[in-house]
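Trainee: generate coordinates for the sequence data below:
(chains A and B)
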Amino acid sequence: MAFDLDALGDSRRSSYCGEVNEKNIGSIVTLMGWVHRRRDHGGLIFIDLRDRAGLVQLVFSPHAGQAHEKAHELRSEFVIAVTGVVRPRPKDTENPDIATGAIEVEVSSLKRLNDSAPLPFVLEDDTGVAEMTRLKYRYLDLRRPSLQKKLILRHQVTQEARSYLSQNGFIEIETPVLTKSTPEGARDFLVPCRLSPGLFFALPQSPQLFKQILMISGFDRYYQIVKCFRDEDLRADRQPEFTQIDAEMSFVDRDDVMAVMEGLVERIFKTAGHAMSLPIQRLTYAEAIGRFGLDSPDARFGLELKDVTAIVAQCGFKVFTDAAASNGVVKAICVKGGAAFSRKDLDDLTAIAVSFGAKGLAWVKITAEGWQSPIAKFIDDDVKKAIESGLEASVGDLLLFAAGKPSIANTALGRLRLNVGGRLNLIPKQGFNFVWVTDFPLLDYDEAEKRYVAVHHPFTAPMYEDADRLDIDPLSVRAKAYDLVLNGTEIGGGSIRIHTSGMQSRIFEKLGISAIDAQDRFGFLLEALQFGTPPHGGIAFGLDRILAILTGSDSIRDVIAFPKTQKAADAMSDAPSTVSAKQLEEVSIRVVKKT
RNA sequence: GGGGCCGUAGUUAAGUCGGUUAUAACGCUGGCCUGUCAAGCCAGAGGGCGCGGGUUCGAGUCCCGUCGGCCCCGCCA
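Mentor: Okay, the predicted model is just below:
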């Protein structure tokens, strides 16, 4: 016989499925949730009922009459309400794998609140289902306990962040989402404005200028957990809209910001069950690049880079001597036991080096018979000895060399270090390694655009003692900037800001922004800076990245409820989409087909 | 803009050198079944291989194009 759907009526949940326990034995509970799994023995019927708190086993015995008959018709993901008595499971039928495994609910009354079509995929954790399918049916994907855990942790983390920042005097203030497009930085998402045909808002890449303005307004300490938008290509750790924990403080210098924010990070990790010891270690940018090749050093393992430029400056290998003679460097790592790498391994490593801009990769296997290497014949024995001792190399090791411009040699070898560390399982799976990277250069020179660009952003203050060199040696000027790096990933970055309009104008000029352009794009800031701006600085953390690392997720998509695909599309709603001619007309936009 | 990997039942995969009617598991449907928990047993339905061309007697298999997914370079102050 078939049963119709039941109304909720006056049934109300007495507890969450996952929270029923031995203390409830003997009491009557009413539970609501989804049919997770059904084991129908014809006589006895077992249902695992699921809600956000977990699973509990329901038992329908033939004595339950209509409830038992109705239970036959239940299928996966039907929504039901049940009332029954909690009782201990019979001896030897307990399930130690679930939290409620010691008890079960003997159902006396069943309401079938809604049915479900057969699912496109089974709701299991560690499912092998294609991500596209998961994203299309995100509402089903999000029923999986593992994803629910991640989003619930996200909630707890933001709650704790708010609590910590509020306790430390930070005031949460909302800033506009419809803002002014500025040059510099990432590509803006643009929003047309009906009331001003031909003019556009930009979605904020960050609330940077607004939070500085709030310091000028005297709020002293500000924070916001806020969406930011950047119209750039996506990556596993980059979405076009992402969330920052954004903060700014007045009357402080670097160490003050770093100290308060270490407390925030400690609180966040404590929330997730991880104790950490403060203070967090610090590396200067120069040290980070020197030892790890990257400005986001993964200090969980060794395999550090060594500079051998001086040793090989006069050797017989032209690639090395040319690099040494032209302001370049020769950097090397010593891979313990790496002589066992195959020719294919070395080809792979070379390809990686090349993909990061290196011209090639020099390698040396140190064997009992001496150097086995394409470059062995170019290098004298005394230089070989000097290299070996400089790198603390011994028989069985592999040496990898990158030569050329410092930026390329360091990047290539730094990436190789990560790859080799991964291949040899040198990187601990557990644990969190934090590093502050400080003393970034203020400026970099963009060869393509033939101008200086800000390494951090154009509002970053130079170090006081370096500012005199802005005109004579701009690249040597260090910034009052700092990044927080976790396990080799940048999770936050900030700086002390320029707080005088004179210095701000000077930096714009250095960046090749004319006085007229500066006035047009940033005039409001330059003007505001003239009205009593306190020294101030701040930071922004990438909430998605922190959560991805905290939850062991490969992509930040797993800690975002509704993420976008690599083409920046929403697989569920199919955004972005076309709009009507009328809508376009209203905002004075005409779409031109690309040829 | 570029490099790499991938696309076969609802899902995950197999499919040999191009060769009969495209396999399997899980899921689904029906039946049996009173202690299961990835329940079990029996039976069954379900795809023409992302899409469009081409080569061929014959194409998941080869070629060209295209769409989509993922990873990466560039880009991301």
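Trainee: residue A:127 is in contact with residue A:143, isn't it?
Mentor: No: the criterion here is C-beta atoms under 8 Å, and residue A:127 misses it with residue A:143 at 11.6 Å. Every C-beta, even on glycine, is put in place using the N, C-alpha and C of the backbone.
Trainee: tell me which of those two has more neighbours.
Mentor: Neighbours of residue A:127 and residue A:143, each counted by other C-beta atoms under 10 Å, are more numerous for residue A:143; the result is 18 against 14.
Trainee: let me see the confidence value for residue A:357.
Mentor: Reading off the per-residue confidence, residue A:357 sits at a pLDDT of 89.
Trainee: same question for residue A:595.
Mentor: In this prediction, residue A:595 carries a pLDDT score of 56.
Trainee: helices along the stretch 351-500 of chain A, start to end?
Mentor: In chain order, the stretch 351-500 of chain A shows helices spanning A:381-390, A:406-423, with DSSP state H, counting those that start in this stretch as the criterion.
Trainee: residues in the stretch 51-200 of chain A within reach of RNA strand B, list them.
Mentor: Within reach of RNA strand B by C-beta under 7 Å from any atom of the strand, the stretch 51-200 of chain A has these residues: A:57, A:59, A:61-63, A:75-76, A:89-90, A:93-95, A:97-98, A:101, A:104, A:118-122, A:127-133, A:135, A:184-187.
Trainee: can you say which of the residues you listed are buried?
Mentor: Among these, the ones that count as buried by 16 or more other C-beta atoms under 10 Å are A:57, A:59, A:104, A:129, A:135.
Trainee: among those, which lie within helices?
Mentor: Residues from these lying in helices, with DSSP state H as the criterion: residue A:135.
Trainee: so which of the buried ones among the residues of the stretch 51-200 of chain A next to RNA strand B are in strands?
Mentor: Cross-referencing those against strands under DSSP state E gives A:57, A:59, A:104.
Trainee: pLDDT wise, what is the last one at?
Mentor: Put plainly, it is residue A:104. According to the model, residue A:104 scores 97 on pLDDT.
Trainee: which residues touch it?
Mentor: Remark: with contacts taken as C-beta atoms under 8 Å, 6 or more residues apart in numbering, residue A:104 is in contact with A:56, A:57, A:58, A:59, A:86, A:87, A:89.
Trainee: give me the distance between the closest residue to RNA strand B within the stretch 301-450 of chain A and residue A:405.
Mentor: Distances from the stretch 301-450 of chain A to RNA strand B, computed as C-beta to the nearest atom of the strand, single out residue A:355 as the nearest residue at 5.6 Å. Between residue A:355 and residue A:405 the distance, using C-beta to C-beta, to the nearest Å, works out to 16 Å.
Trainee: so for those two, which residue has more residues nearby?
Mentor: Here residue A:355 and residue A:405 are set side by side on neighbour count (other C-beta under 10 Å), and the busier one is residue A:405, at 15 against 10.
Trainee: what's next to stretch A:424-433, contact-wise?
Mentor: The contact list for stretch A:424-433 (C-beta under 8 Å, 6+ apart) reads A:269, A:274, A:276, A:298-303, A:335, A:337-338, A:420-421, A:486-487, A:549.
Trainee: related to what we said a few turns ago, looking at the contacts of residue A:104, which is nearest residue A:308?
Mentor: Taking C-beta to C-beta as the measure, residue A:308 sits nearest to residue A:56 out of the contacts of residue A:104, at 63.8 Å.
Trainee: up against RNA strand B, what does the stretch 301-450 of chain A have?
Mentor: Residues of the stretch 301-450 of chain A that fall close to RNA strand B, judged by C-beta under 7 Å from any atom of the strand: A:355, A:356, A:357, A:448.
Trainee: burial count for the last one?
Mentor: Burial of residue A:448 is recorded as 5 neighbouring residues (other C-beta under 10 Å).
Trainee: can you check the third one too?
Mentor: Residue A:357 is flanked by 15 other residues according to other C-beta under 10 Å.
Trainee: so what's it up against?
Mentor: Applying C-beta under 8 Å, 6+ apart, one finds that residue A:357 lies in contact with A:408, A:411, A:412.
Trainee: so the last one touches residue A:350, yeah?
Mentor: Same thing as residue A:412. No: the pair residue A:412 / residue A:350 is not scored as a contact, 10.0 Å apart, by C-beta under 8 Å.
Trainee: I appreciate the help and will end here.
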